[in-house]
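Colleague: everything below, folded, please.
(2 chains)
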Number of protein chains: 2
Amino acid sequence: MVSPELSQFQTSPMAKHGGRSKASSFLADGFLFLAGGTMVALFVVWALWSGLNPPSPSPSPGLSTTVDEAKTTIPSAKQDCATGAHAHGVNMRDDPPDPTFYDDPKLSYAIEQQPIIKNWDEKRREWLKHHPSFAAGARDRIVVITGSQPSPCKNPIGDHLLLRFFKNKVDYCRIHGYDIFYNNVLLQPKMHTYWAKIPVVRAAMVAHPEAEWIWWVDSDAAFTDMEFKLPLERYKDHNFVVHGWPHLIYQKKSWTGLNAGVFLIRNCQWSLDFMEVWASMGPQTPNYDRWGETLRSTFKDKAFPESDDQTGLAYLILKEDKWADKIYMEGEYYFEGYWLEIVGTLDNITEKYAGIERGVRILRRRHGEKVSESYSALREQYLKEAGYGRYSWRRPFITHFTGCQPCSGDHNRMYSGDTCWNGMQRALNFADNQVLRNYGFVHSDPLDSSTVTPLPFDFPA
Amino acid sequence: MVSPELSQFQTSPMAKHGGRSKASSFLADGFLFLAGGTMVALFVVWALWSGLNPPSPSPSPGLSTTVDEAKTTIPSAKQDCATGAHAHGVNMRDDPPDPTFYDDPKLSYAIEQQPIIKNWDEKRREWLKHHPSFAAGARDRIVVITGSQPSPCKNPIGDHLLLRFFKNKVDYCRIHGYDIFYNNVLLQPKMHTYWAKIPVVRAAMVAHPEAEWIWWVDSDAAFTDMEFKLPLERYKDHNFVVHGWPHLIYQKKSWTGLNAGVFLIRNCQWSLDFMEVWASMGPQTPNYDRWGETLRSTFKDKAFPESDDQTGLAYLILKEDKWADKIYMEGEYYFEGYWLEIVGTLDNITEKYAGIERGVRILRRRHGEKVSESYSALREQYLKEAGYGRYSWRRPFITHFTGCQPCSGDHNRMYSGDTCWNGMQRALNFADNQVLRNYGFVHSDPLDSSTVTPLPFDFPA
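Modeller: Have a look, this model is predicted:
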């Protein structure tokens, strides 16, 4: 019917060219062991008080402790978190005639289009003033963006996997009340593969002035803890959050010192400016080849000559305080985690959680899917010992199939395609079991995506 | 990596076995011509007043005019529609300890599991009482359910198409604030293909007591009017809505007198009872073969011997007032429409809408995606002449690729696979252009899914 085209829209470049640095993961996830029992107890109290977000034993030793600049956060008319309410009551039927930035003929949704947007923070604030129902709660509002290439995948099961990964994200967003947008076009035709996300995120900022954050999540990443929520409070002085380890960038000058496949970016002027600079290293510019050389000479372990978004990001962090100061390198929990270190731990985690539930009746209580967040908050106190990230038995937040390339099928030669495929099945079914439970069913075999059985009342007592 | 299994999860049975009755579509969509100018004007006033929903020129001449039984609608604590507000402010973090139906050990999410749920309306009402933030707005709350088979499609581009169809539904749901759930497991292993949706809808009712309606939409159906909303007020005395034409069922005894691939079902006791009866004609029962014979002898044009959900539904309408009285056969607008009569009209519709916009500045105004509904309401007054359904130039609400079988690829021999594939591209890009516009882009060529260009300010002036 149609011949599959070449993959135009891949995920993180690391995927194609190498595995992860074991050292990075080890160090990254080791932070949790630094926290003493008292600290943990304190944070558990905080977590219960704040309603949901799992606690952070200690601030990241990255950039966050060194900066204290003026926040670019748009002040929201009313903050609803303190009441424990997840209010997203908004009036979608009203757009008052008062002029906003949308009425400016020079406004562009496209990246690199002149003139570049200025005073965005003020413009967003103005828009929110005219849309008070959106202003309430704006501070924590997140829109998730993901996507893949416009054409069918070369890998025969590629699109099936993309479909399941997308379903997984939609599940997560439904449970937490987030909007999600799937993009499958190239908004800037020359910004292919891992560059494609920048123009999409840029357009989404203009399309969603009601959202404080845009959260890019690669198509090959799955939410494997359906309960965990981003600890936004931790990022209040930053505009960009990425999984990363400062010493690997600053000392080791490694291009795998961060992973650009998942990032959270604040909808603010800083971010618009940052994305222009970031995008200027891309294949649509005359400087693309020169950027490739610069990046490779700076990050000696970079595996291929072309300029890529991930090394570009690392470069900007390394070279310019203006950017680095507002970028939070999250190294504590699995902001995104390498699947190869995760999938083998999932069965044990399932058993650990079941063990807790056998002892705590309230965690076995059936409930409406829409009030799941209240049970996540209750569970938190029993996860004190779990830790975060590597060597922990907490459900990993996001499992990223870096190196598997589900769409093209050109996976890293370190492992077989079956290893990838089985890993994805395991992770997706692990996540799906958390969702299906609220519909009364379970995959008894984590490798059997097809078969489910009804869950008995009071499971797993 | 894995060998694709046989398709277990197909869409409407008609798809496999025959095209649509041309007569049905003709008659179905002819109703709009019955409405006089005065009626139309009246309904336009109503539409503007009510904020959004396109008006209905006349009630369906089906069953709706003959019944007036007690409503099973759960009374909501507060109705927010009259204010024009689309409030979906809910507290997702609170599940009070008061016992609800979830605490009943005998409650089952599975269909046909004894004991069958009783007093569901009261139980839901009770749950809503304990969750007042969900009670507000409950009367109009919709959860969309769709899904496909657990395994990769046999058709090489099948999963790619499913991915795009799913993206399309997520877009529609984001614009209108609906939750959506994608199911890709068989909750009742023997209820395969077109029977699979019944157990899913059943489980979703129990999982979503906050929702008044569950809306099943087949995987091969696309929203092609991103603005149109279900005229729920019209269905207030009914519990089940399906695209159908009473005379084709009652007089002609045709199994194509309705299409079971898209239906809206009220989350109430009647629906639970109805689904038990409907499901009892399925392949999991000892009576499956006998039902096949009964259905075929009643609906002589039925093309294959097995009992199927669609003919089963038609049979229940024909034979039992208890069910028929609460089923609304929507024949006026494209509750779902046959793609072959739709795709050829899309270019003209695009031109008609652009023509209106060239004359009406406010319709060209850029705006946040989340307030799109306010522009749909404004557009309505310019669509007076458009009509609904066949021969109209209103955007068709849902385009259903009946007979194309995107996943298996076993399309009806009436047309080539390319006809199906091109039709899907056209329909999906037609829909995508309505979405992308709020992100500043457009597919200039409706057959080119990959390429988009930035939209100039004030387009299409």
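Colleague: every contact and neighbour count from this point should use C-alpha atoms.
Modeller: OK.
Colleague: can you give me the strands in the stretch 251-400 of chain A?
Modeller: With DSSP state E, counting those that start in this stretch as the definition, the stretch 251-400 of chain A shows strands at residue ranges A:258-266, A:327-330, A:337-338, A:398-400.
Colleague: just the stretch 51-200 of chain A next, same as before
Modeller: When secondary structure is read from DSSP E, counting those that start in this stretch, the stretch 51-200 of chain A shows strands at A:142-147, A:179-183.
Colleague: residue A:193: neighbouring residues, count only.
Modeller: As a burial measure, residue A:193 scores 19 neighbours (other Cα atoms under 10 Å in any protein chain shown).
Colleague: quick one: it and chain B, what's the gap?
Modeller: 13 Å (Cα to the nearest Cα, to the nearest Å).
Colleague: before we move on, what about residue A:387?
Modeller: 23 Å.
Colleague: so that residue touches residue A:396, yeah?
Modeller: No. Judged on Cα atoms under 8 Å, residue A:387 makes no contact with residue A:396 at a distance of 10.3 Å.
Colleague: which one's more surrounded, these two?
Modeller: Of the pair residue A:387 and residue A:396, residue A:396 is the one with more neighbours under other Cα under 10 Å, namely 29 against 23.
Colleague: residues contacting that one?
Modeller: In this structure, residue A:396 makes contact with A:224-225, A:333-334, A:337, A:342, A:388-389, judged by Cα atoms under 8 Å, 6 or more residues apart in numbering or on different chains.
Colleague: quick one: whatever residue of chain A ends up closest to chain B and residue B:145, what's the gap?
Modeller: Of chain A, the residue with the smallest distance to chain B, taken as Cα to the nearest Cα, is residue A:89 at 3.2 Å. Residue A:89 sits 23 Å away from residue B:145 when distances are taken as Cα to Cα, to the nearest Å.
Colleague: compare these two (neighbour count), which wins?
Modeller: In this view residue A:89 and residue B:145 are compared by other Cα under 10 Å, and residue B:145 has more residues nearby, 22 against 18.
Colleague: so of the strands of the stretch 251-400 of chain A, which one's packed in deepest?
Modeller: strand A:398-400 (a mean of 27; mean count of other Cα atoms under 10 Å in any protein chain shown).
Colleague: let me see the mean pLDDT of that one.
Modeller: Mean pLDDT, computed over strand A:398-400, is 98.
Colleague: would you list the phi and psi of the residue nearest to residue A:311 when sequence neighbours are not counted?
Modeller: Excluding its sequence neighbours, the residue lying closest to residue A:311 (Cα to Cα, 6 or more residues apart in numbering or on different chains) is residue A:255, at 5.2 Å. Taking degrees, to the nearest 10, you get phi -70, psi -10 for the backbone angles of residue A:255.
Colleague: run a quick neighbour tally on residue A:255.
Modeller: Other residues lying near residue A:255 total 26 when counted by other Cα under 10 Å.
Colleague: I'd assumed residue A:301 was in contact with it.
Modeller: Yes. With contact taken as Cα under 8 Å, residue A:255 and residue A:301 are classed as touching, separated by 6.6 Å.
Colleague: still on that earlier bit, a markdown table for the strands of the stretch 51-200 of chain A, including mean pLDDT and distance to chain B?
Modeller: Conversion of these to a markdown table gives the following (pLDDT from 0 to 100; distance: least, Cα to the nearest Cα, whole Å):
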| stretch | mean pLDDT | distance to chain B |
| --- | --- | --- |
| strand A:142-147 | 98 | 10 |
| strand A:179-183 | 98 | 6 |
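Colleague: tell me which parts of the stretch 251-400 of chain A are close to chain B?
Modeller: Among all residues of the stretch 251-400 of chain A, those adjacent to chain B (criterion: Cα under 8 Å from any Cα of the partner chain) are A:365-375.
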